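Colleague: Task: produce atomic coordinates for the following.
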Amino acid sequence: MLNHEIGFPVHIPPKELDAVFLSHAHLDHSGLLPLFYLREKLPLYSVEPTFDFVEVLIEDFLRLSGYYLPYEYLDLQAMMKHCIPVPYKKEIQVGPAKIEFLNAGHIPGSSQILIEINGKRILYTGDFNPVATRLIEGADQEYGDIDALITESTYANEKHPKRANVEKEFVSKATEIVEDGGVVLVPAFGIGRSQEVISILSANNFKYPVFVDGMALSGIEILLRHPESLKAPDLFKKAVKNATWIKKWPDRRRAVRTPSVIVSPAGMLKGGAAVFYMDSIAKKKNNAVFLVSFQIPGTPGSILLAKKMFSVRGKIRKVEASVEKFDFTSHGGINEHKSILTDLGDKTKVFAIHGEEKSCRQLVSASKKLKLRAVAPKAGEVYTI
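Modeller: Numbers count the residues shown, from 1 in each chain. Coordinates of the predicted model:
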């Protein structure tokens, strides 16, 4: 059963902090932040366009779940007044600590955070991906000597296929569906994945209509304001120019009648315009749904992938359209983790976080095989470096 309860990590009193460093905008990393600004005036550091993304995501979070959140829109506004943008690889000083933000390769503006304090160097990878995508370069991997590595383990028990091969298959199958008169729905995260998908189609000279809807449009507007955050700004501008922006309900109804690709949040089909499109697209065998985002077990997207069933207007129905998943992950897999671990010195201690228990254990095991000290900490545990 899917748990809809909104959870927050162990609370840290804001008065005990000197500053906040944000790795990237996704809500599982940023969704708590306004709570630190109920009374305090802490500086919040990150790399643009993270702050623009955060404002869009948390505003949407408040709109959908505000009753359950321990802060209000005014607290988000207070937080936004304390944002300090920093460039990659420029050292900043906060009290006795030196801080450096490195590219994490996850979404535009995503960062790994390197902290040097009291003679110790600690790296927090955030969500990272060393493999370049159509949007951004892969994560920086030159760290020097570090005493502790705090790293995600989302896919530490999986190997990812080569991205070029996934792209080729995605575009080929999309072309096949559209040329047969069908519509391809691509439910995708509004920030990052949606913009990557239209860039992939453009880079591969996809010559059929591409529609974009929902929060993906806000993501596009932000990236157009921050071309410096992109690997290939000209490719992105071309992709945006080639796409049709959905603004009104008549546009949506026209899109589902047009052989095309429709890119729309939500990535796990929990809401957003993608649910409207499913009502029409699911009924016809010559249509397709291409899932390109991680599917949390129990979400509509995961159920669709496993059983080809979806709730349309309150009724669970069989989906006649074809359903496929394409691995456009923005997280490193086990091979990427091993590449980083291999370069670490034997004094480095590895902390495996941000993953299911099995994934964390897998990363700890891989670290120990390389003679590194490693642990999968539990929430609230304290370690001394």
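
Colleague: only C-alpha atoms for contact and neighbour calcs from this point on.
Modeller: Will do.

Colleague: what comes up buried for stretch 272-283?
Modeller: Neighbour counts over stretch 272-283 (16 or more other CA atoms under 10 Å) mark 272-282 as buried.

Colleague: can I get the residues you listed in CSV with secondary structure, distance to Glu137 and pLDDT?
Modeller: Below are the buried residues of stretch 272-283 laid out as CSV (DSSP: H, G, I helix; E, B strand; the rest coil; distance: CA to CA, whole Å; pLDDT from 0 to 100):
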residue, secondary structure, distance to Glu137, pLDDT
Gly272, coil, 29, 90
Ala273, helix, 30, 93
Ala274, helix, 29, 95
Val275, helix, 32, 93
Phe276, helix, 34, 93
Tyr277, helix, 32, 96
Met278, helix, 33, 95
Asp279, helix, 37, 92
Ser280, helix, 37, 93
Ile281, helix, 34, 96
Ala282, coil, 36, 95
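
Colleague: from those, which is closest to Lys307?
Modeller: Ala282 (13.1 Å; CA to CA).

Colleague: wait, that closest one sits on Val323?
Modeller: No - between Ala282 and Val323 there is no contact under CA atoms under 8 Å: 9.4 Å.

Colleague: picking that back up, between the buried residues of stretch 272-283, which is closest to Pro161?
Modeller: The closest of the buried residues of stretch 272-283 to Pro161 turns out to be Ala274 (CA to CA; 26.5 Å).

Colleague: State the number of residues packed around Val178.
Modeller: Using other CA atoms under 10 Å, Val178 has 20 neighbouring residues.

Colleague: show me what contacts it?
Modeller: By CA atoms under 8 Å, 6 or more residues apart in numbering, the residues touching Val178 are 184, 208, 259-261.

Colleague: let's see it at 10 Å
Modeller: 184, 208-209, 258-261, 286-288 (CA atoms under 10 Å, 6 or more residues apart in numbering).

Colleague: Of those residues, which belong to strands?
Modeller: Among the contacts of Val178, the members found in strands (DSSP state E) are 184, 260-261, 288.

Colleague: any idea which of these is closest to Tyr88?
Modeller: Of the ones in strands among the contacts of Val178, the one sitting nearest to Tyr88 (CA to CA) turns out to be Val261, at 34.9 Å.

Colleague: isn't that closest one right up against Phe211?
Modeller: Yes - contact criterion CA atoms under 10 Å: Val261 and Phe211 qualify, at 6.3 Å.

Colleague: For Ala366, which non-adjacent residue is spatially closest?
Modeller: Lys338 (7.3 Å; CA to CA, 6 or more residues apart in numbering).

Colleague: can you count the residues close to that neighbour?
Modeller: For Lys338, the number of neighbouring residues by other CA under 10 Å comes to 16.

Colleague: Surely it forms part of a strand?
Modeller: No - under the criterion used here (DSSP: H, G, I helix; E, B strand; the rest coil), Lys338 is helix, not part of a strand.

Colleague: and the gap between it and Gly332?
Modeller: 10 Å (CA to CA, to the nearest Å).

Colleague: overlap in contacts of those two?
Modeller: Taking CA under 10 Å, 6+ apart as the criterion, Lys338 and Gly332 both touch Ala156.

Colleague: OK, contacts around Pro300?
Modeller: By CA under 10 Å, 6+ apart, the residues touching Pro300 are 2, 267-271, 275, 306, 309-311.

Colleague: got a winner among those residues for most neighbours?
Modeller: That'd be Met268 among the contacts of Pro300, by other CA under 10 Å, with 26 neighbours.

Colleague: Show me where the stretch 51-200 of the chain has its strands.
Modeller: 83-85, 92-94, 97-103, 111-117, 120-124, 148-152, 183-187 (DSSP state E, counting those that start in this stretch).

Colleague: And His24, how close does it get to Gly126?
Modeller: 8 Å.
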